[in-house]
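Engineer: I would like to see how this sequence folds:
(chains A and B)
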Amino acid sequence: MSGVIKMYRIVEKRELAKGVDEFVIEAPEIARRAKPGQFVIVRVVARGERIPLTVADADPESGTITLMVQRVGKSTYHLSCFEEGNSIRDLVGPLGKPTEIKKWGHVVAVGGGLGLAPIHHICKGIKEAGNRLTVIMGFRSKDLIFWEDRMKIIADRLIITTNDGSYGKKGLVTDALKEVIEEDEVNAVICAGPVPMMKAVAELTRPYGIYTVASLNPIMVDGTGMCGACRVTVGGEVKFACVDGPEFDAHKVDFDELMNRLRMFKEQESLAMRRFQEKHCGCSRRE
Amino acid sequence: MGKREIRKERVPVPEREPSVRIRDFKEVKLGYSPQLAVEEAKRCLQCPHSPCVDACPVSVPIPQFIKLIAEGKFVEAARKIKEENIMPSVCGRVCPQEIQCEGACVVGKVGEPVAIGALEAFAGDHEASMGYEKFEVKEKSGKRVAIVGSGPAGISCAADLLRYGHEVVIFEALHEPGGVLIYGIPEFRLPNETVKRELEFLKEMGAEIRLNFVVGKTATIYELLEEFDAVFISSGAGLPYLLDIEGLNLNGVYSANEFLTRVNLMRAYRFPEYDTPVFTGKRLAVIGGGNTAMDVARTALRLPDTEEVYVVYRRSEKEMPARVEEVRHAKEEGVIFKTLTSPVRFVGENGWITGIECIKMELSEPDESGRGRPVPIPGSEFILEVDSVVIAIGQGPNPVVVDGVKEIKRGKKGEIIVDPETLMTDLPGVFAGGDAIRGGSTVIVAMGDGRRAAKSIHKYLTQGL
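Structural biologist: Down below sits the predicted model:
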């Protein structure tokens, strides 16, 4: 802790797939403590907003954390302009509760798109706890696939689905999950990804009575329980995803409400995006 | 000295016209000019028993600093204040003087009390414009103290500890220091530049401020104790109270913390120049009657989309906890007060709030707070149409800092339990103060705690338990 000058320098950056970047960032204090399921709040530039990003990996030895960033709005596009050697303005964490990992037996982890960030870190924990692990990764098409190699190392069984069938199994992650549940004993399911996907996973496992956890991704500002922007309804109670979560019993989460709340600043978000594309930061990336 | 005639009316503090000021976030009060300050300072009777000082939570030497202003010694006046209060420019602006120093002022018994707050702000601002005095560093003690949170309690504790010769590191969770002074109190009441200036002074004194560091997450209290000789927890009241009513999670419903943080800390009022947005629509209602509710209402009025801003409060105006001056400013600026009105549920369409079902209230016999207890009038329900709502009904201490620290006990509202004399928790070497031990209180009470804690910490570090 002492004498460390925190610069949040980017030591590695690579494009994982179209629109998704991986950043390895110097943040020794966070790397030392970050556990599976936790996230950080990032502020890219001085006038930037605070956005939550899951810690996809943490290496206490090198003092770095790995973030996965999908270009969806102004802040994430702006971050994608940053290269190795650049520093991001602010980085704070690790925030949220770590995943509650037990020795369940056979665990199926389901990740859709960027949901792989939490899933990757959680899966490492699940394996360390001695579970058998099946991972289902879902993408729209082949060119969006990433981290197949990294997941292969961790998972006992890896299933990849694409909506268009251009790689792996054709279909949705829920199709693959249903098959696994029907042919094998499943003791727990952990999912992360787009809200409709998590909702579908929860609906699928509910009749089987399989314990299912979802890692939620609501809008946040401070990330420390101060503002309540991230409130979600879980089992009829109001919870703050930043401090009570971000993981909750998926069978109790009001996903429709979460989906609605994610739309709260849609208009402003597209305005900021348009403005950014017009002015731009000056880097070479244009899309 | 012969008897002299005292002017009953105070010299008014120049303020910007409501019609002009509601178009921006610049400070409402313009403050005294040197000439006006001298004139007002001359109204002070220099009472030898000085009840104003007794009424001040940090015992600022009020008659003395006012005398210096009257003599035109403005910088000296500021330094006199700073012997007891490191932030005259802040406290002069945000303290509830009417129930503290000015409430006790002897001149106030025959006319308007001396404008102590405005004079304090004047002295602080004047000194800052002249450049601060170089702080004299005492011999270093070699002891290190960690302060959790850079708000008023943390700042005042840090200043005193530095004076005692200890090393101070302040840990701040957000990306800017200042705590509630930055994220909570709006710029038109307390400019961020004023807060920054006072923090610069603290840094010049030798304080180190580490931003983006959440104690309880980035490091635990136990880890801090390994590296520091003592810890002071001044993490404030960062846990918003919400209403347990239908529609709470509709889009357009904010906590006061979220709304103010977006606008103040994140500068959403300058969106899209700044990235953080805030949505208000044309009609915004704030629920609550405290200073935070007034801050929200007046902030909302200054945002481009709002046409009407309501304050919904369940008691009458007389019972409002907000400062009289804040209510006056809000009214001058056009905030509409819906008193004796309580929200029943939030009504929405397509996931967005469209109105508040309210019920009219009447006051019955006083409750434990001494104020009339509001009772709903059956059948008086009505819908107040709004596009957004901000809930400003108070906040409690944020539990993150001491989460998992079993030695530190917490009360019913999550407030950290301390020895009332020393402000030490049950974990030796760990002290706490400000809103973290009180829930929502005031800047000056927090600063008073900071000073008291500094004294105990100094004793703890030099003499042991």
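Engineer: so what's the residue lying closest to residue A:150 once chain neighbours are set aside up against?
Structural biologist: With Cβ to Cβ, 6 or more residues apart in numbering or on different chains as the measure, residue A:120 is the residue that lies nearest to residue A:150, at 6.5 Å, once sequence neighbours are left out. Placement of C-beta: from N, CA and C, glycine included. Residue A:120 makes contacts with A:56-57, A:111, A:147, A:150-151, A:154, as judged by Cβ atoms under 8 Å, 6 or more residues apart in numbering or on different chains.
Engineer: if we go to 10 Å?
Structural biologist: Counting by Cβ atoms under 10 Å, 6 or more residues apart in numbering or on different chains, residue A:120 makes contact with A:36, A:54-57, A:66, A:68, A:109, A:111, A:135, A:137, A:147, A:150-151, A:154, A:192.
Engineer: so which bits of the helix or strand it falls within are buried?
Structural biologist: For residue A:120, the element it lies in under DSSP states H and E is helix A:116-128. By neighbour count, and taking 16 or more other Cβ atoms under 10 Å in any protein chain shown as the criterion, the buried residues in helix A:116-128 are A:116-127.
Engineer: what's the following helix or strand after it?
Structural biologist: Moving toward the C-terminus from helix A:116-128, the next element (DSSP H and E) is strand A:132-139.
Engineer: using CSV, list the CA coordinates for that next one.
Structural biologist: Provided in CSV are the C-alpha atoms of strand A:132-139 (Å, rounded to 0.1, in the frame of the first residue of the first chain):
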residue,chain,number,x,y,z
ARG,A,132,-16.7,-29.8,-11.9
LEU,A,133,-17.2,-27.0,-14.4
THR,A,134,-19.1,-26.8,-17.6
VAL,A,135,-18.9,-23.4,-19.4
ILE,A,136,-21.4,-22.3,-22.0
MET,A,137,-20.3,-19.3,-24.0
GLY,A,138,-22.8,-17.6,-26.4
PHE,A,139,-22.1,-15.2,-29.2
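Engineer: which elements pack onto that strand?
Structural biologist: Using 3 or more Cβ pairs under 10 Å, 6 or more residues apart in numbering or on different chains; DSSP states H and E as the contact definition, the elements that strand A:132-139 packs against are strand A:106-112, helix A:116-128, helix A:148-154, strand A:157-162, helix A:173-183, strand A:188-192.
Engineer: and of the ones you listed, who's closest to residue B:417?
Structural biologist: The closest of these to residue B:417 is helix A:116-128. By Cβ to Cβ, the value is 34.9 Å.
Engineer: CA atoms of that closest one as CSV?
Structural biologist: Backbone C-alpha positions of helix A:116-128 (Å, rounded to 0.1, in the frame of the first residue of the first chain) are rendered in CSV as follows:
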residue,chain,number,x,y,z
LEU,A,116,-17.6,-13.5,-20.0
ALA,A,117,-15.7,-10.9,-18.0
PRO,A,118,-17.3,-11.9,-14.7
ILE,A,119,-17.7,-15.5,-15.8
HIS,A,120,-14.0,-15.9,-16.4
HIS,A,121,-13.0,-14.7,-13.0
ILE,A,122,-15.8,-16.6,-11.2
CYS,A,123,-14.9,-19.8,-13.1
LYS,A,124,-11.4,-19.6,-11.7
GLY,A,125,-12.8,-19.5,-8.2
ILE,A,126,-15.3,-22.3,-8.9
LYS,A,127,-12.5,-24.6,-10.1
GLU,A,128,-10.3,-23.7,-7.2
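Engineer: so that helix versus strand A:132-139, what angle?
Structural biologist: For helix A:116-128 against strand A:132-139, the angle by axes from the mean of the first three to the mean of the last three Cα atoms, to 10 degrees is 170 degrees.
Engineer: tell me where chain A has helices.
Structural biologist: If you assign secondary structure with DSSP state H, the helices in chain A sit at A:28-33, A:74-80, A:116-128, A:148-154, A:173-183, A:195-205, A:241-244, A:255-262, A:266-279.
Engineer: any chance of CSV for these, columns mean pLDDT?
Structural biologist: Listed next are those as CSV, based on pLDDT from 0 to 100:
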stretch, mean pLDDT
helix A:28-33, 95
helix A:74-80, 91
helix A:116-128, 91
helix A:148-154, 92
helix A:173-183, 95
helix A:195-205, 96
helix A:241-244, 95
helix A:255-262, 96
helix A:266-279, 87
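Engineer: would you mind listing what in the stretch 1-150 of chain B touches chain A?
Structural biologist: Among all residues of the stretch 1-150 of chain B, those adjacent to chain A (criterion: Cβ under 10 Å from any Cβ of the partner chain) are B:144, B:146.
Engineer: hmm, back to that, for ChimeraX, write the selection for the buried entries among the contacts of residue A:120.
Structural biologist: To isolate the buried ones among those in ChimeraX, judged by 16+ other Cβ under 10 Å, type:
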select /A:36,54,55,56,57,66,68,109,111,135,137,147,150,151,154,192
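Engineer: pLDDT (mean, whole number) over the longest helix seen in chain B?
Structural biologist: Ranked by number of residues, the top helix in chain B under DSSP H is helix B:443-463. Mean per-residue pLDDT for helix B:443-463: 94.
Engineer: packing partners of it?
Structural biologist: With contacts taken as 3+ Cβ pairs under 10 Å, 6+ apart, helix B:443-463 sits against helix B:88-94, strand B:144-148, helix B:152-164, helix B:180-183, strand B:230-233, strand B:430-432, helix B:435-438.
Engineer: out of these, which is closest to residue A:164?
Structural biologist: Smallest distance to residue A:164 across the helices and strands packed on helix B:443-463 (Cβ to Cβ): 46.4 Å, for helix B:180-183.
Engineer: that closest one near chain A anywhere?
Structural biologist: Yes. When contact is scored as Cβ under 10 Å from any Cβ, part of helix B:180-183 falls within range of chain A: residue B:183.
Engineer: distance between that helix and the chain's centre?
Structural biologist: Once both centres are worked out by Cα atoms, centre = their mean, to the nearest Å, helix B:180-183 turns out to sit 8 Å from its chain's centre.
Engineer: and it, what does it pack onto?
Structural biologist: helix B:88-94, helix B:152-164, helix B:192-205, helix B:256-260, helix B:443-463.
Engineer: save those as TSV, and put in mean neighbour count too.
Structural biologist: Supplementary listing: the helices and strands packed on helix B:180-183 in TSV, determined by neighbours: other Cβ atoms under 10 Å in any protein chain shown:
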stretch	mean neighbour count
helix B:88-94	26
helix B:152-164	28
helix B:192-205	18
helix B:256-260	27
helix B:443-463	22
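Engineer: relative to residue B:304, how far out is residue B:25?
Structural biologist: When distances are taken as Cβ to Cβ, to the nearest Å, residue B:25 and residue B:304 turn out to be 12 Å apart.
Engineer: just residue B:16 next, same as before
Structural biologist: The spacing between residue B:16 and residue B:304, counted by Cβ to Cβ, is 19 Å.
Engineer: same check, this time on residue B:438
Structural biologist: With the distance defined as Cβ to Cβ, residue B:438 ends up 36 Å from residue B:304.
Engineer: flag the shaky bits of the stretch 1-150 of chain B, pLDDT-wise.
Structural biologist: Under the criterion of pLDDT under 70, the regions of the stretch 1-150 of chain B flagged as low confidence span B:1-4, B:134-135, B:137.
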